[in-house]
Each structure stands twice: as C-alpha cells, then as structure tokens.
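Undergrad: The sequence and its predicted three-dimensional model are supplied below.
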Amino acid sequence: MGLKLNRSIIGWFFASLSILLISMFYFYPMLQALILSFKSGMGANLEFTGLDNYVRLFNDPVAMIALRNTFIYLIFQVPFMILLAMFFSVLLNNPNLKFRGFFRTAIFLPSVISLVAYSVIFKYLFSTEGIVNDFLLKLSIISEPIEWLMDPFWAKVLIIIAITWRWTGYNMIFYLAGLQNVDKSIYEAAKIDGANSIQQFFYITIPMLKPIILFTAITSTIGTLQLFDEPMNITGGGPGNETLTISQYIYNISFEYTPDFGYAAAVSFIIVILTVVFSIIQFKIGGEKD
Amino acid sequence: MKKWKIIFTAILLMVVMAACSSENQSNGNAEGNLEPDVITAWAWDPLFNIAALELAEKRYDQVDEDFQLEIIENAQKDIVQKLNTGLSSGTLNGMPNIVLIEDYRAQSFLQAYPDAFYDISEYINIDDFADYKKAPTSFDGKQYGLPFDTGVTGLYLRTDYLEEAGYTPEDLTNITWDEFIEVGKDIVDKTGKSMISLNPNDPDHLRHMIQTTGQWFTKEDGETIDIAGNEAVKQALQVYKTMLEEGIAKTNSDWSSRLADFNSGKVVSVATGNWMTPSIKAEESQSGKWTVVPIPRLSVDGAVNASNLGGSSLYVLNIPGKEKAAEFLASTFGSDNDFYEELVTEVGAIGTYLPALDGEAFNQTDEFFANQTVTADLVEWMKEIPNVNYGMHTYAIMDIFTGELQNYRSGKDIDEVLNDAQQQAEAQLN
C-alpha cells in the first residue's frame, strides 16, 4: 500500500505540472472566450446577449465573404500544394540525383523565412510595376501588366501562389521522411512484375504515404483556416473584401473598427468548429481503421 | 486514492486562486494615487506629431522646469491596437498619460471606454478651436480631446503641366468634381500624364468629397446609417468610378507608390489633406512647379470648396499624472500663440487654435509653391470646413464601401450598391 501510494503521488505530481499549465494557458482562456462569445458591446461595455452574436454571424455578409474566400484558398491551395510537395519529394528521393542536399535545402528554405518579411517582398514583386509583371511583359506572355493587387481574381491567385511558395517545402520534408521508411523491396517486387514508375507512384508510394498525406492535409487545412499574415500584408484583404480571411476579419472587428470583442470571439469559434469538422472528415476518408 | 485526488484538486484550486489574488493586488498598486515623475505620450510620425510634442516640451520648460515628457513613437495602427487591448482589459497599466488619436476614431474610443479618458473642459476653452473639431473630440457634453492638427484639404496642382495643356490654376479653382473630370480629360489628352492617382482599396478621397456637402455616412447623431438615398455619397461614388473609367486616374496599390506617383511627376494633381505638403516638397527638383487651390466640391446644394481628411487630437488618460499632463497640454497646445507660430515655421504643422492663426508665421510665402502664401490659404479654407459628426464607425463603413466600390466598378447598379451598403452597415453596426 505504502509503495503504491508513494508511486501514485509521484505520478500525480509530474502530471499535475502539465495539467496545471495547460489548464491555465489553454482551457481557461478557451472557456473565457466561449463566455465572451455570448456577450456583445463596444470595448469594455460588454453585456450578455445570449446567442445574438451567432445569429448576427450568419446574417453578416462580410463574414460570409471571408468564409467563402477561406474556402476558395482551401479547395485550390491545399490539394495543389500537397501534390506539389509529393512530386518534389519523389524527385528528391531519387538516389541518382546529384546535389540532392542543395535542392532539398533550396525548396525547404522558404519555410524558415518570416511570414511578414516574405509577404512584404511578394507585395513588391507582384505590384503593377513590379518585377513579375516586367518579366511576363518582356517574355510577351501578357500584353498588359496584370493588376495582381487590384483585381479580385488575380489577388486570390497571388495569395495562393504566396502560401504555396511558403509551405510546399515544409510539407515536402514530411514526405521525404515518409519515403525513407518505405521498404525498397516493395519497389523491387513491383519492377519484377513489370510496373512502370507511374504505376509504382500511384499503387505503392501514395498508399504507403497515406498517414503522412492525412497529417499534412490536416495541418495545411488548419493553417489555411487560420490564414492571416499573407492577406493582411500583401493585399490588406482587398480589393474590396475579395481576399479577406476569417482571421483577418476577427482582427478588423477587434482592432480596426470600434472593438466588439464578444462578436470577434464568436467568429473565432467558427474556425474552431470548422477545424474539428474538417479533421473528422479527413480522418473518415483517409484514416486507417486501427 | 480518492482522498489524494481531493487533496490534489484542492492544491490546484489554491494555486489558481493565489494567482488570481496576486493579480488583484498588483492592480491595486498601479491604480494608487502616486503621481509619476515622467509623463508619457504616444504618437506617430516623427516629422510631424512627435516634432510638435517635442517643441511643446521645450517651450513648457519655461513654465515648469521639472516637467519631463517621454514621447514614445508608435505607428498609428499600433497605438489603436494597444489602446484597445489595454483599455478593454480593464486595467490602465502601462497606458500613457497623453495619447494622439485620429479624429475619425476618437468617438469609438470615447464611447467604448467612457471612464478611461480625463475630461479637460476645465483646462481649455473649446471655442478657441476650429468648429469642425468639436464633434469628434467631445462626448456626452464633456470635452476630452485637445484639438490638434487640421486635415484641411487642398487640390495640389502641377502648374507646368497645366500650362502645357493650355490651362491656368484659376480654371481649377472652386470647381465641382464633375468639372474636374471634364477639364481632366482634356489635360490628360494633351499632356499624356494622369490627372490623379487613386487607390481603390483605400478610397480616402470619398471621405473628403462627402464632407464638402456637410454630410456623412451617418446622420448628425453619428449612429443612424445614412447611405441609401444619400445624394452626397452617391455622387462621390459616381465621381470616383468615372475618374477610373475615363482614364484620367491612375491607380496605386499602397502609400509608397502613391507618393512616388507625384514625386516622379506622373500625375497633374493631388487632392488630399495638407499634411501631404512635406511629402510633396520632398521632391526638391519640382520646386516652383506646384500650387494649391481649394478642393473641388460635389454638385450638391450647399456644398463648399473646403473639406477635411484625417487630422488628430490629443487625449489625456484617466490615470495618475492626469492633472500634470492636462496642464502641460493646456499651456502649450491650448493657449500658446507663439508655440503655434513656431510649429508652423519649424514643423509645418497647422493647428486648429484660432487665436494663433493670424500670426506672422502663417503669412509666409513658400518658394516651393511659387511664392504662394500656402499656409494662410489653407487656414482660410479650414474655417469653412463643414462640421460633421464622424460617429464611431467611419472605418467599418469605409471597409463596406471599399467592397461595394469593387462591385460598383464591375457593373452593379448604383442604387443597389447604396442599398446593399446601407443594409450591411445596419447589420454590422447595430
């Protein structure tokens, strides 16, 4: 009894530290945010309004536009980036490739760059008189400069280009690690059976990487739902509200307009709900049964 | 086993409660009545606002030798954000004694945090200041802000381009925006330059266009949304779109490209607040080629050729040191004629303190503007700016407009644009 008791005290002691810290810095703020989302008012004059914030949210056209934009990024950017990352990782996993280390570093490098710094640089690269337009004009690919920052369509494309550039290398690293764990004998067996490299990719590589695809898909989805730095710094949410994301809208409600922290908290819970829903869907589709 | 769980929970609770109570204690200390030795101030723009505060401190040395002012430079956005987070947390810890707030945003702070600001009615006479500054800086009958710089607007013109096209500045003096477009088309044809540079993502021109009529996006109470059926708002949008469609305007995407457009001589005119003067003068090679005329007005009855864009005022926070801070402001910004003369000569900032505006310094000619008495002219126009209550939602409404302007440009009907904007604003701001 004595020894058992002693052990469990020590066990509880170690567990208690992390429980305490997580409760204080995660669960307590979450609970407060939830309570806050049932209040409304300007600045410090908050009053309980029940579910009003949530009703308002579904009737708020700007929130809907922000939601729509976020979904556009999600639908086009995440699959594109994941395929690209997989493509690069398979190329770079080829043992016959020279300077593999250099290429890997080059593709990974964007993900160690500060979000704000690269956003600002992208803004200048893609301005109407910027270097990208110059380049495309000189090559006669376009006859008139593209209004990257002013046109609703191109502004979205620009944001997608930017986040793809920033995050592809990051995801590629996971695939590279995954590929190194795939048993080479499977490929050998496939070759003997006469499978070409495309068949090998689709019937061996992809199924073997399934858990990693799932992982990157979920983290990228969460990242996109929380997207803030790029639209904030590159387009400022413009033109109009055409590149506004939910996170940026939360920022605007809290700090740009007369602050209504209650409503901002309600909008942020939408991100929480969406994240949970998407993760469940992805687990259902891609997850293994064990 | 159960006992241990209970004890563990009890300990956890105690730790949490201890953490909370110590927090309370520290609040108590900070809100004590210890007057600080150093008065702090938050402001933006070292060449303008901060220079003005430094000048004020230098002059105040004669009144109170021991007075120490620490000016902390922050971008305007950061000040807004810090105030919002700080004030909404309920503690005034770490807040400055004096803060500069833009007039468009002032009501939002005054109404959202009614106890955070110090009433300075006793210290200054508000009738000494330009009339249009009153509505934004006061709330509930109390005067919280000390009106500082004016955002009086002017139409800055390149005289050499006008000459090339066969026009004189008189042709663009006291005109309407419609006339501006007509003349503009001809000038653009003849010179190959653009008439004006606009950023459709930040259409601040709409604000000063609308204020020429004495109206705003809201009625006089600053709350009732007044967009659908508002002739001034409608015309402003139409003018804006026409300028873009008729090719007399070029677009810019941010502040630096906006400055570059006139510094590099790509545009004939700049329609903006007088605080742009230092940036225009920054391109010394264009000296003598510029002049300033009154801002065009909208073709609405009662519209005048005078308007405002931006401009800010100083506020004292309701924390220890408030009396000291208010006295400092009152005896410099609030009453010192010489200070304002020095301010206009050294910093180029035009205050809104009326008794000072007849001083010598305001009648100086400026070589850069071909010996025009620019400051005196701007001061004249300032007195005519229609008084408008900006209310507390200017920037929220501007964002709605930026979105609707996009729809309008891609072909949406103007009345529908206004109705939709009205609905969005009502849904968002009630």
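TA: The structure has been received and is ready for your questions. Numbers count the residues shown, from 1 in each chain, chains lettered A, B, ... in the order given.
Undergrad: C-alpha from now on. contacts and neighbour counts both.
TA: Noted.
Undergrad: Within range of chain B, give me the residues from the stretch 101-250 of chain A.
TA: Proximity of the stretch 101-250 of chain A to chain B (CA under 8 Å from any CA of the partner chain) is limited to residues A:127, A:149-150, A:238-242.
Undergrad: Could you identify the most distant pair in those?
TA: Pairwise distances across these peak at 18.3 Å for A:127 and A:241 (criterion: CA to CA).
Undergrad: mind putting the residues of the stretch 101-250 of chain A next to chain B in TSV, secondary structure included?
TA: Formatted as TSV, these follow (DSSP: H, G, I helix; E, B strand; the rest coil):
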residue	secondary structure
A:127	coil
A:149	coil
A:150	coil
A:238	coil
A:239	coil
A:240	coil
A:241	coil
A:242	coil
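Undergrad: If we ignore the residues flanking it in sequence, what's nearest the residue in the stretch 151-290 of chain A positioned nearest to chain B?
TA: Residue of the stretch 151-290 of chain A nearest chain B, by CA to the nearest CA: residue A:240 (3.5 Å). Among residues not flanking residue A:240 along the chain, residue B:403 sits closest, at 3.5 Å (CA to CA, 6 or more residues apart in numbering or on different chains).
Undergrad: show me where the stretch 301-430 of chain B has helices.
TA: For the stretch 301-430 of chain B, applying DSSP state H, counting those that start in this stretch gives helices covering B:322-331, B:337-342, B:374-382, B:394-409, B:414-429.
Undergrad: Please, which helix or strand holds residue A:15?
TA: Using DSSP states H and E, residue A:15 sits in helix A:2-22.
Undergrad: how about that helix against chain B, any contact?
TA: Yes. With CA under 8 Å from any CA as the measure, helix A:2-22 is seen reaching chain B through A:5, A:9, A:20.
Undergrad: Doesn't residue B:156 lie inside a helix?
TA: No. Counting by three-state DSSP, residue B:156 falls outside a helix, being strand.
Undergrad: I figured it was touching residue B:270, is that so?
TA: Yes. Judged on CA atoms under 8 Å, residue B:156 makes contact with residue B:270 at a distance of 4.9 Å.
Undergrad: any idea how chain A splits into domains?
TA: According to automatic domain parsing, chain A comprises the domains A:1-36, A:51-286.
Undergrad: For the residue nearest to residue A:240, grab the count of nearby residues.
TA: Residue B:403: 22 surrounding residues under other CA atoms under 10 Å in any protein chain shown.
Undergrad: again with residue A:64
TA: So residue A:64, with other CA under 10 Å, has 15 neighbours.
Undergrad: Which residues are in contact with it?
TA: residue A:58 (CA atoms under 8 Å, 6 or more residues apart in numbering or on different chains).
Undergrad: mind checking how far it is from residue B:418?
TA: Between residue A:64 and residue B:418 the computed distance is 19 Å (CA to CA, to the nearest Å).
Undergrad: Also residue A:251?
TA: Distance of residue A:251 to residue B:418, given as CA to CA: 26 Å.
Undergrad: Please say which of those two ends up with more neighbours.
TA: Each of residue A:251 and residue B:418 has its neighbours counted (other CA under 10 Å); residue B:418 has more, 23 against 19.
Undergrad: so where does residue B:153 fall, helix or strand?
TA: Residue B:153 belongs to strand B:153-158, assigned by DSSP H and E.
Undergrad: Wasn't residue B:250 part of a helix?
TA: No. According to three-state DSSP, residue B:250 belongs to no helix; its state is strand.
Undergrad: Can you name the residues that contact the residue nearest to it when sequence neighbours are not counted?
TA: Nearest non-adjacent residue to residue B:250, counting by CA to CA, 6+ apart: residue B:197, 4.9 Å away. Residue B:197 makes contact with B:249-252, B:258, B:261, B:267, B:270 under the criterion CA under 8 Å, 6+ apart.
Undergrad: which one of the residues you listed sits closest to residue A:100?
TA: residue B:252 (42.7 Å).
Undergrad: Could you give the number of residues near the closest one?
TA: For residue B:252, the tally of surrounding residues (other CA under 10 Å) stands at 23.
Undergrad: re earlier: what's the helix holding residue A:15 packed up against?
TA: Helices and strands touching helix A:2-22, by 3 or more CA pairs under 8 Å, 6 or more residues apart in numbering or on different chains; DSSP states H and E: there are none.
Undergrad: List the contacts of the helix or strand just after it.
TA: Sequence-wise, the next helix or strand downstream of helix A:2-22 (DSSP H and E) is helix A:28-36. For helix A:28-36, the external contacting residues (CA under 8 Å, 6+ apart) are A:261-262, A:265-266, A:269.
Undergrad: try it again with 7 Å
TA: A:262, A:265 (CA atoms under 7 Å, 6 or more residues apart in numbering or on different chains).
Undergrad: Buried residues of it, list them for me.
TA: By neighbour count on 16 or more other CA atoms under 10 Å in any protein chain shown, the buried set for helix A:28-36 is A:33-34, A:36.
Undergrad: Just give me the closest of those to residue B:342.
TA: residue A:36 (49.4 Å).
Undergrad: what separates that closest one from residue B:349, distance-wise?
TA: 43 Å.
Undergrad: same check, this time on residue A:35
TA: Taken as CA to CA, the span from residue A:35 to residue B:349 is 47 Å.
Undergrad: Contact partners for residue B:171?
TA: Residue B:171 touches nothing, counting by CA under 7 Å, 6+ apart.
Undergrad: looking at this, it is in a helix?
TA: Yes. Counting by three-state DSSP, residue B:171 is part of a helix.
Undergrad: so what's it scoring on pLDDT?
TA: In this model, residue B:171 is scored at 93, pLDDT.
Undergrad: Give the phi and psi angles for residue A:222, as a check.
TA: phi -60, psi -40 (degrees, to the nearest 10).
Undergrad: close enough to count as contact, it and residue A:275?
TA: Yes. With contacts counted by CA atoms under 7 Å, residue A:222 reaches residue A:275, the gap being 6.0 Å.
Undergrad: Please report how far the residue of chain B at minimum distance from chain A lies from residue B:413.
TA: Across chain B, the shortest distance to chain A (CA to the nearest CA) belongs to residue B:403, at 3.5 Å. From residue B:403 over to residue B:413 the distance is 14 Å, taken as CA to CA.
Undergrad: Appreciated, that's everything.
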